[in-house]
Structure formats: structure tokens, C-alpha cells
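Peer 1: predicted model and sequence below, questions to follow.
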Amino acid sequence: MENKSEKSPHNPEQPRTDAPVRGPEDRYVVLLEEENNFLRGQVSVKDTQIEALLERDKETNTLIHRLQAMLAPLLVAPNHKEPIERGSPADETAG
């Protein structure tokens, strides 16, 4: 039996290299990996946008709280220190 690793003039076959052979499935795998990378980038951008929106929401809440604190004294019903002008049973008995 002849050793296959030896090259003979009668055997024109070359040893196979370990070059990657791409099948039709590999094309889809590459596309899916690219899509995943794109979507990961988008998620990162959205996370940054959400973080900025939450920060603005906190600032808005602080401003509203301060505005309510400033307006609270103005929104309280005034104390009635003067006697009520409408006729009441107490006024009729006093007169």
C-alpha cells in the first residue's frame, strides 16, 4: 500500500487545506450577527436617551415641588377675622 502523504507523479491530488468553506447558512449567520450588532448599538442609544429623559423628569418634579411650595401660601383660604355680614341667628338675637 502506498503512503498517501507522499507525492507521486501519478497522483495529482493535493492535500486539502483547512480553509473555511462557506455554505448558504453562513450568509444568514453573518447577516444575523450584523443585525444583532446594529440592534445592540440602538439599545445603547436608547438607554442613553432614557437616562437623559429620567434626569429631566427629576428636574421637572423638583421645579413643580418648589412652585407648589411658593404658591401654597397664596392658595390657602383667607382667615375670616371680620364678622360675617350675612344674617345669622346669633346676629338677630344680639340686636
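Peer 2: Yes, it's here.

Peer 1: count residues in the vicinity of residue 44, would you?
Peer 2: The burial count assigned to residue 44 is 10, neighbours taken as other CB atoms under 10 Å. Heads up, the C-betas are built off the backbone N, CA and C, glycines and all.

Peer 1: revised request: answer the last question for residue 78.
Peer 2: Using other CB under 10 Å, residue 78 has 5 other residues around it.

Peer 1: okay, now residue 38: neighbour count?
Peer 2: 10.

Peer 1: so where is the chain shaky, pLDDT-wise?
Peer 2: 1-12, 14-22, 80-95 (pLDDT under 70).

Peer 1: that one: helices as residue ranges?
Peer 2: Using DSSP state H, the helices of the chain run over 24-75, 89-94.

Peer 1: can you list these in JSON lines and add distance to residue 13?
Peer 2: Putting the helices of the chain into JSON lines (distance: least, CB to CB, whole Å) gives the following:
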{"stretch": "helix 24-75", "distance to residue 13": "26"}
{"stretch": "helix 89-94", "distance to residue 13": "122"}
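
Peer 1: where's residue 35 relative to residue 28, distance?
Peer 2: Noted for residue 35: a distance of 10 Å to residue 28, by CB to CB, to the nearest Å.

Peer 1: how about residue 69?
Peer 2: Applying CB to CB, the value for residue 69 to residue 28 is 60 Å.

Peer 1: same check, this time on residue 75
Peer 2: As defined by CB to CB, residue 75 lies at a distance of 65 Å from residue 28.

Peer 1: which one of these two has more residues nearby?
Peer 2: Taking other CB under 10 Å, residue 75 and residue 28 do not tie; residue 28 has more neighbours (10 against 7).

Peer 1: neighbours of residue 36, how many?
Peer 2: Per other CB under 10 Å, the neighbour tally for residue 36 reads 10.

Peer 1: make 85 the first number, not 1, from now on.
Peer 2: In the new numbering, first residue 85, that becomes residue 120.

Peer 1: ok, now how distant is it from residue 129?
Peer 2: Counting by CB to CB - residue 120 and residue 129 are separated by 15 Å.

Peer 1: and what of residue 108?
Peer 2: Applying CB to CB to residue 108 and residue 129 gives a distance of 33 Å.
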